[in-house]
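In: got a structure for you, letters missing:
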């Protein structure tokens, strides 16, 4: 039996890539019953863990929209990530679907949103975060660096969509009225940047990269190269944590006393970098482990599952021969579980179960 706080929530996901499937995975991890509608000629990739926890229905929406509507009649949530207008042309737009199922939450996941000059056009994560100010703030002084697709697709996409869906489900269960969620990555990343806009307004943040407290400008918050070419992360922001770092690393020189004097940051970084370069990453990890110095070894994706803390927490699990994340966050009373790989299903069987 599926476990988790969302057990019984019925979700229909229209196949897509990136943030939509990851949002559906998060819901499935928490117990939702997620049915994915995919093209008849599509076979899920064995190693795509973002598709876990689904029943998959093969359907040509140009021919079988009526079958999709039958599923949506009994669902609480719809997730789609097509360009604006596609669902309407298929006869599955909000006007049609909500007229049949007034309590449905209609989640629309796009980069640019359902309106605006860019809405009809293609884009990818890097484009969506480019116009928000986020990409310009990330990377070394020489040029911005794309932060994988974590900030846009997943941080500003999936997580906001899931938050919106759960909020709208609560409202629908209270009022009986569903609604459309226009989840645009470009909107949500602007929202993610709220703290930094506040800091800029206060004069404590500049648009110059590697010149701020959290972008590698400060000596006490950044990454350093070790003797073996591996890396160490230091994030000792608060004075007491900075003091712990100095004690462990050996920064007794009064030159390091003025923690927040920006005029000294470049020279302090250079001196600290020279010290960090004298030992290997794992030597520093042993020196700084189990302390308030707020420092950690920078592990690769291959190394992370063997980290002692993550092992103790069970943050990684192995299922179907694939190392993957455990469900997060954790619920004391209704814990989630790692769902199985996606399995094919028939519309009739799903409807029979949903009628119960």
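Out: Okay, I see it. What you are looking at is a predicted structure, and each value in this text was computed from that prediction instead of being measured.

In: Identify each buried residue in stretch 127-145, please.
Out: By neighbour count, with 16 or more other C-beta atoms under 10 Å as the criterion, the buried positions of stretch 127-145 are 127-130, 132, 134-135, 137, 139, 144. C-beta: built from backbone N, CA, C; applies to glycine.

In: How far off centre is that stretch?
Out: Computed by C-alpha atoms, centre = their mean, to the nearest Å, the separation of stretch 127-145 from the middle of its chain amounts to 18 Å.

In: what's it in contact with?
Out: With contact meaning C-beta atoms under 8 Å, 6 or more residues apart in numbering, stretch 127-145 is reached by 111-112, 126, 146-147, 151-152, 156, 185-186, 189-190, 192-193, 196, 207-211, 215-216.

In: And that stretch, end to end?
Out: 12 Å (C-alpha to C-alpha, to the nearest Å).

In: which residues in the stretch 101-250 of the chain form helices?
Out: Remark: helices assigned in the stretch 101-250 of the chain by DSSP state H, counting those that start in this stretch are 125-130, 159-175, 185-192, 194-201, 239-249.

In: Listing request: residues of this protein with sub-threshold pLDDT.
Out: 1-2, 356 (pLDDT under 70).

In: can you list the domain ranges for it.
Out: When the chain is parsed with automatic domain parsing, its domains come out as 10-192+327-355, 221-306.

In: Can you add distance to residue 3 and give those back as a markdown table?
Out: Putting the domains of the chain into a markdown table (distance: least, C-beta to C-beta, whole Å) gives the following:
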| stretch | distance to residue 3 |
| --- | --- |
| domain 10-192+327-355 | 5 |
| domain 221-306 | 23 |
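
In: Looking at those domains, which one is packed in the most?
Out: Neighbour counts averaged per stretch over these are highest for domain 10-192+327-355, at a mean of 18; criterion: mean count of other C-beta atoms under 10 Å.

In: Distance from the chain centre to it, please.
Out: Taking C-alpha atoms, centre = their mean, the mean C-alpha location of domain 10-192+327-355 is offset from the chain mean by 13 Å.

In: can you give me the helices in the stretch 251-356 of the chain?
Out: Counting by DSSP H, counting those that start in this stretch, the helices of the stretch 251-356 of the chain are 265-276, 281-288, 308-313, 347-355.

In: that older thread, with distance to residue 329 added, can I get the helices of the stretch 101-250 of the chain in CSV?
Out: Listed next are the helices of the stretch 101-250 of the chain as CSV, based on distance: least, C-beta to C-beta, whole Å:
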stretch, distance to residue 329
helix 125-130, 24
helix 159-175, 11
helix 185-192, 18
helix 194-201, 21
helix 239-249, 25
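
In: among the ones you listed, which is nearest residue 317?
Out: Using C-beta to C-beta as the criterion, the shortest distance between residue 317 and these is 20.5 Å, found for helix 159-175.

In: Next, the angle helix 185-192 makes with the closest one.
Out: Orientation check (axes from the mean of the first three to the mean of the last three C-alpha atoms, to 10 degrees): helix 159-175 against helix 185-192 gives 90 degrees.

In: which secondary structure elements does helix 159-175 contact?
Out: Contacts defined by 3 or more C-beta pairs under 8 Å, 6 or more residues apart in numbering; DSSP states H and E place helix 159-175 against helix 19-29, strand 77-80, strand 105-110, strand 179-184.
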